[in-house]
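Asks: What follows is a predicted structure for the sequence shown.
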Amino acid sequence: MESVKSDAEGTVVLPGDVICTAEEYLPGENTVENNGLITALVSGTVHRDEKSLTVSVIPKKVNVKIRNGDVVYGQIVKVEQRFADVRIVGVYRNDLGLVPVSAEGVIRILQPHGRQPDTTGAPFLIGDLVRGKVIRSNHEIEISIYGKRYGVIRSLCSRCRNPLVMKNSVLYCENCERVEMRKVADDYGNVLKFGDV
C-alpha cells in the first residue's frame, strides 16, 4: 500500500493505493475505508465530491476478456435443476483490481449422490450476489462457487427481501426471524456492492 496521495482532483490510483484519511472524506464508489484510511478498489482517477464529502474512483476504461482462473462477481438471474444463469458484472485482476464487465455465465448445481435434481436444494437463489472462479471460458463461461472464497456474498430474504445477515454460521433474517441456507463465501456481508447489483 502506498502513502496518502495528493489532494489534486484527477489523481490516477491503482488498487490498494491510499487516497486520503477517513477524517477528510467518506468512502464513495470503488473505495473502502480500513483502519482510518480510504483506499482504491480499482484503477482509475480520483473524484472528490465536496458537497457529500465523499471520495470515489472513476474506473479506467479497460476491455478485458474473461478467461479461465479469473475471479468474477455477478448476480443469479435464473435457477434451474442443474444450472443457474449468472449476470457477470465484474472481474478481478491483480494488476487492474475490480474491472466492470458485462457477460453471461452459468454455474453447475452439484447434487448429492443418488439425489434427484431440484431447485429447492440450490446453493443460492435468484437475486443473490456471488463471487466465483471461471473454470471454462471457450464457448460459454462456466463458474464454480465451490471453495472457501467463493459463493454468495450478499443475499436477501426470500420472504420479505430484507438483507440476510450471518449469525451463528447461518444466514438469518432479522425481520422475519428465519434462517435460510446458501453456499456462502467466507467473507459474506463484508463485500462492497459492485456496479448495479
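Replies: All right, it came through fine. Note that this is a predicted model, so its numbers are computed, not measured.

Asks: Surely Asp70 touches Lys133?
Replies: Yes - applying C-beta atoms under 8 Å as the test, Asp70 and Lys133 come out as touching, 7.3 Å apart. Every residue, glycine included, has its C-beta placed from N, CA and C.

Asks: Which residue of the two possesses the greater neighbour count?
Replies: Taking other C-beta atoms under 10 Å, Asp70 and Lys133 do not tie; Asp70 has more neighbours (21 against 17).

Asks: nearest spatial neighbour of that one, skipping sequence neighbours?
Replies: Closest residue in space to Asp70, ignoring its immediate chain neighbours: Val134 at 4.6 Å, by C-beta to C-beta, 6 or more residues apart in numbering.

Asks: Would you mind listing the residues in contact with the one you found?
Replies: Residues near Val134 by C-beta atoms under 8 Å, 6 or more residues apart in numbering: Ile66, Arg67, Asn68, Gly69, Asp70, Val71, Val72, Gly105, Ile141, Glu142, Ile143.

Asks: The residue nearest to the fourth one when sequence neighbours are not counted bridge partners, please.
Replies: Meaning Gly69. Distances taken as C-beta to C-beta, 6+ apart put Val134 closest to Gly69, at 6.4 Å, once the chain neighbours are dropped. Residues in a beta bridge with Val134, per DSSP bridges, are Ile143.

Asks: Distance-wise, check Val134 relative to Tyr92.
Replies: 11 Å (C-beta to C-beta, to the nearest Å).
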